[in-house]
Each structure stands twice: as C-alpha cells, then as structure tokens.
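# the following comprises the amino acid sequence and a computationally predicted model.
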Amino acid sequence: MTFHDQMIGWEEYPLELPPSVRWMDDVYELQQQLEQKSKSLFVSEPSKIKLEVSFRGTEKTLDISSITSLKDFLMVGDAVEDSRTKFFMISRRNSYTKPKISSEIFKTLCHFYRVFPKYLHCVFQFREKHCEEEEYFSGGCYRHVHEDESKHSAIFEICYNVRYFEKHGRQLEDPWSSRQCSVYQNYSQRSNASTWILIHIPNGTRDHLERFNSETEGSSQSDHPMRIHMHLLLSCEKNWGPYIGYLGDELLLLNQKISFPKKFVDFNVDVSHSQSLAHLRRKLEDARSLLETNLENASTLSEHAEEMQNLRVVSPKSNGRFQSEIRQYQLRLRCHIRNITKHIGCSEDIRVLIFKIMDFRNDELHRLNSHSMEKIAHETAVENKIMVTLAHKAQADSRTMRIAALIGTIYASISLVTSFFSTPLIQYPTEPAGVANVKVRKEAWIYVVISLGLVVGTLLFACIWRQRRRRKPEQDCEKLSEE
C-alpha cells in the first residue's frame, strides 16, 4: 500500500479505519466527540506545536511542528525505519494546558498507524482546564488484537491512562499535584517492532527511554515488547508512598488535637476542623480510586502479555519475567490501597469524635445560656418588685399631695374672702353710739366683674390647651403614616 493510499480519509479519523481495527466501536459517535472537543484538546498556534519522535537503536530525536513535516516524515522516513520501534511523545506545559499537538497532526498520526478508536477515550482526559474541578476518573485499559491488512501477522494494540502524584514546587498549602499520562502501543508481529504514542510522561520515563533507545533492537534475549510499560508504571508508582505518608501526617495532626484526654471546654475544635477533615477524606477516596484503576490496568497488561505468549510472540521465559514484575507492581499497589483504607477508617473515627466534642460543647453552651437566663429572670423579678414598691410609694405621695391641695384650696378661699374684706372697697365707719357698721362701696362691682372675667379666661385657656394636647398625638401618627 502506498503512502497516499494509507492516508486516504485521515480528515475523518476514525471513520475510515479498516473494519478489523474499528471492530465494534461506535466510530461515528467518537468522531463527533473528537470534533466537538478539538478546541479544548489541541493547540492551534503553530509556535506551540511540538511532536518529538525517537527510534530504538539511536539517541537521535526529531521535532515535528507542522502537518507538512509529519507527512514528509511518514512518506520518507517511516518507509526506511518501518522495522524499528518508534516513540511519538506529546508533552504539555502543565496539567491544566492542552497537549502540544494540533488536531490535524493528531488525526494524521492516528490514521496512518491505524490506531484503534478506543484510544480516543484516553485522549479526551487531556482537555484544557481553567480551574480545579470535579473529575470523572474514567478507568479503562483498552486492548485489541487483530490481523494486519496483509492478513499474515497479528497486531497487538493497548492503551491506558496512568494517574500519579508529583510535587509541583509552588508555594501552596498542599505540595502535591495530581498528574496523568497516556500510553498507546501498537506492536506488529510481522516487523517485531512497536509504535508508541506517549502523552505527558514523567521525567523518569523519559530518562529510561533515552537509555532504551541507545540499545540495539533485540540486543537482549529477555527483551519483552511490553517492557516500557513496566518502567512507566514503576516511575509513576514511586511517589505514591510519600504522598500517602503526607496524607497520613495531615490526619495525624487532626488526631492529636482531639485524641488527648482533657475537658471538653479545652478542645479547640470548630467547624473548620470538620471541613479540613472532609477535604482530606476526599483526597484519600480519590487516591484509592486512582490506585484501583492503576491496579485494573496492570491486570489488563498481564492478560495482553499472556495473549502474546499464546500466539508465540514472546517466549515463556520472557513472559514469566514480565508477569513477575507485574505481580510485584500489583502487590505494591495493594499495599498502598491498604494504607489508604486504614487512613480512611481513622478519619471516620476522627470525624465521629469531632461531632461528639461539638455536641458536648453545644450542650455546655445551652446549659450556660440557661443558667444566664435564669439569673437574668431573677434579677428582672427583683427589679419588678422594686418598681412595684416605688409605685406604691408614689401613689401614697400622690394621695398626700391631693389632701394638701384640698386643704390649700380651702385656705385659699378663706384668704380670698379675707383679702376682699381688707380692701378699700369695704369700709367700717363708726356710729356716734359706738356701733361699727360694714359699708360696701358702690365701686365693688368692678372687683366682681374682673374676678369673673379672670375665671372665665382661665377656664377657656385650660380647655384650649387640653384640646391641643389631645390632637398632637393624632397629627404625629398621620405624619408617620405619610412618610
């Protein structure tokens, strides 16, 4: 098959793949998803594109930055290097950015090497993110064995994503960050060579690939086509122990705050500790989920290697060594899972203790509040008694003042009469016989008129003043209602 025949339909990947490659995949649905997610999956600026290519047996690395250079490589270079293991490495700046590859280069690469459609499920996990968000940890180690287009040999395909943790080096409270890398291998039985597509692999794996590429193809009798998988898995596994230790230390700090015997009022525990514990439990649950996914990937790799042996691609001795490494890797993962399960159980005990301490503290606060309310009620009752006593005394004083006012009124009347008879209006002439008479002058009417006028004026003023006092509250209420 010529290069041009091989490239027919690359724009519609994976629709134009051979039936043996597509198998039972819904390629139409996957092709639509790929088009919809291309904007968040692939870069469009040519300056950001960087696809690294290396070969087994040479330390030379080729950088591809355009669709033209990739087609030139596939048309010229790949025909010569077809019998050698090839590595296509795609990197990205951090876990939030897009892979440094364009949509056209990705489709061309996958279509040319007949990458089975299930690989897209792994690639979709590398979309661009702008902030921390809830992730769906889609597991799955996909593999497929089929005949090549010449019908003379088998093609072994396998792909999966690996989750691991690394220190990010930023000044944050949590020094660890979640990472993931993607692995795809296409092994041809006819050429005894593999085509690898690696996305965002750890630096430790890159170093091993440099040493691996310096070796000659088939230089070791025990060389296994899936040997790179073990180096990648071990490189991703090495930080799980320190990361779980970090989570255990954070849990221990919370445990020390609540486990030492002391009075409940002395526990400095509040809602923030419960929130910190919930955040820590979520990290533990996520870590256990990721480890279980990695464990399932290892099981699928083991099945893939067994099928290679059954088809006599690798010798039983080489497969035995690979299976031994897989089992040891699985044992380490199970050990990590047991430690995380222990931490989750401990966190549940801490959570119960925090709730109990907060419940006891709430009960204590209720008791203190009740005691304070009783004290306030007692003081209020005493004040009420004092107010009642003062009211009785005020009432007695008011009664005394009313009696004094009545007496004053009586004496005022007597004083008024006496003062009238002491005015010049009343005369007391003496008769010759020595008899005193009382003589009222004819101008006395003036006194009577003025007195009556004062009385009437006083009564009118009192009535008007009282009426205005009654109307003022009503006017104030109307003003308030208008406002």
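Good, I have the coordinates. These figures come from a predicted structure and were not determined experimentally. Numbers count the residues shown, from 1 in each chain.
# residues of stretch 15-30 that come out buried?
Within stretch 15-30, the residues that qualify as buried by neighbour count (16 or more other C-beta atoms under 10 Å) are L17, V21, R22, D25, V27, L30. C-beta coordinates here come from the backbone N, C-alpha and C atoms, glycine included.
# residues touching the last one, list them.
Counting by C-beta atoms under 8 Å, 6 or more residues apart in numbering, L30 makes contact with P14, P117, L120.
# the last one: which element?
Taking DSSP states H and E as the criterion, L120 maps to helix 119-123.
# switch the contacts of L30 over to CSV; also include pLDDT and neighbour count.
Output for the contacts of L30, formatted as CSV (pLDDT from 0 to 100; neighbours: other C-beta atoms under 10 Å):
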residue, pLDDT, neighbour count
P14, 89, 24
P117, 92, 24
L120, 92, 23
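# could you export the residues you listed as TSV, including distance to C159?
TSV is the format used below for the contacts of L30 (distance: C-beta to C-beta, whole Å):
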residue	distance to C159
P14	13
P117	10
L120	9
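# before we move on, back to that, dump the helix holding L120 to PDB, restricted to CA.
The C-alpha trace of helix 119-123 is given here as PDB (Å, rounded to 0.1, in the frame of the first residue of the first chain):
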ATOM      1  CA  TYR A 119      -7.600   5.300  22.200                       C
ATOM      2  CA  LEU A 120      -9.700   8.500  22.000                       C
ATOM      3  CA  HIS A 121     -11.300   7.700  25.400                       C
ATOM      4  CA  CYS A 122      -7.800   8.200  26.900                       C
ATOM      5  CA  VAL A 123      -7.100  11.300  24.900                       C
END
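# need the contact partners of that helix.
Residues lying outside helix 119-123 but in contact with it, judged by C-beta under 8 Å, 6+ apart, are 14, 30, 33-34, 41, 106, 110, 138, 140, 142, 157, 159-161, 182, 184, 197, 199.
# tell me how many other residues surround L331.
Neighbour count of L331, defined by other C-beta atoms under 10 Å: 10.
# let me know the secondary structure of it.
helix (DSSP: H, G, I helix; E, B strand; the rest coil).
# what distance separates the helix or strand K356 falls within from the centre of its chain?
Here K356 sits within helix 316-421, counting by DSSP H and E. Taking C-alpha atoms, centre = their mean, to the nearest Å, one finds helix 316-421 lying 32 Å from the centre of the chain it belongs to.
# what is that helix packed up against?
The elements that helix 316-421 packs onto, with contact taken as 3 or more C-beta pairs under 8 Å, 6 or more residues apart in numbering; DSSP states H and E, are helix 227-237, helix 240-259, helix 271-310.
# buried ones in stretch 330-339?
Neighbour counts over stretch 330-339 (16+ other C-beta under 10 Å) mark Q330, R332, L333, H336, I337, N339 as buried.
# sorry, that was for stretch 193-210
193-202, 205-206, 208-209.
# in helices only, show me those residues.
The helices, defined by DSSP state H, take in T205, R206, H208, L209 from these.
# and of the residues you listed, the nearest to L233?
Within those, distances to L233 taken as C-beta to C-beta reach their minimum at T205, with 9.4 Å.
# quick one: contacts for that closest one?
Under the contact definition (C-beta under 8 Å, 6+ apart), the residues listed for T205 are C181, L198, H231, L232, S235, C236.
# my guess is the fourth one meets I199, correct?
Spelled out, that is L232. No. In this structure L232 lies outside contact range of I199 using C-beta atoms under 8 Å: 11.6 Å.
# who does I158 bridge with?
R143, Q185 (DSSP bridges).
# the one 5 residues further on now?
Under the criterion DSSP bridges, R163 forms beta bridges with Q180.
# that one - how many residues pack around it?
Around R163 sit 22 other residues, with neighbours defined as other C-beta under 10 Å.
# that one touches S178, doesn't it?
Yes. A contact is recorded between R163 and S178 when judged using C-beta under 8 Å, the distance being 6.5 Å.
# what residues are shared contacts of those two?
The contact sets of R163 and S178 overlap at L290 (C-beta under 8 Å, 6+ apart).
# buried residues in stretch 33-47?
Per 16+ other C-beta under 10 Å, stretch 33-47 contains these buried residues: L34, K37, S38, L41, F42, V43.
# now do the same for the last one: helix, strand or coil?
Of the three states, V43 takes coil according to three-state DSSP.
# which ones are touching it?
I49, K98, P99, K100, I101, S102.
# the bottom helix or strand of the protein by mean pLDDT?
Taking all helices and strands of the chain together, the one with the lowest average confidence (mean pLDDT, DSSP states H and E) is helix 78-80, at a mean of 47.
# now whichever helix or strand comes after that one: buried residues?
Following the chain from helix 78-80 toward its C-terminal end, the next helix or strand by DSSP H and E is strand 86-90. If you call a residue buried by 16+ other C-beta under 10 Å, then strand 86-90 has these buried ones: K86, F87, F88, M89, I90.
# before we move on, what about stretch 86-104?
By neighbour count, and taking 16+ other C-beta under 10 Å as the criterion, the buried residues in stretch 86-104 are 86-92, 98-104.
# ok, these vs S276, which is closest?
R92 (31.5 Å).
# surely the closest one touches K98?
Yes. Under the criterion of C-beta under 8 Å, R92 is in contact with K98, at a separation of 6.3 Å.
# overlap in contacts of these two?
The overlap between the contact sets of R92 and K98 (C-beta under 8 Å, 6+ apart) consists of F126.
# how near is S38 to H130?
Using C-beta to C-beta, to the nearest Å, one gets 17 Å for the distance from S38 to H130.
# which of the ones in helices among the buried residues of stretch 193-210 sits closest to R351?
Distances from R351 to those, taken as C-beta to C-beta, are shortest for T205 (38.4 Å).
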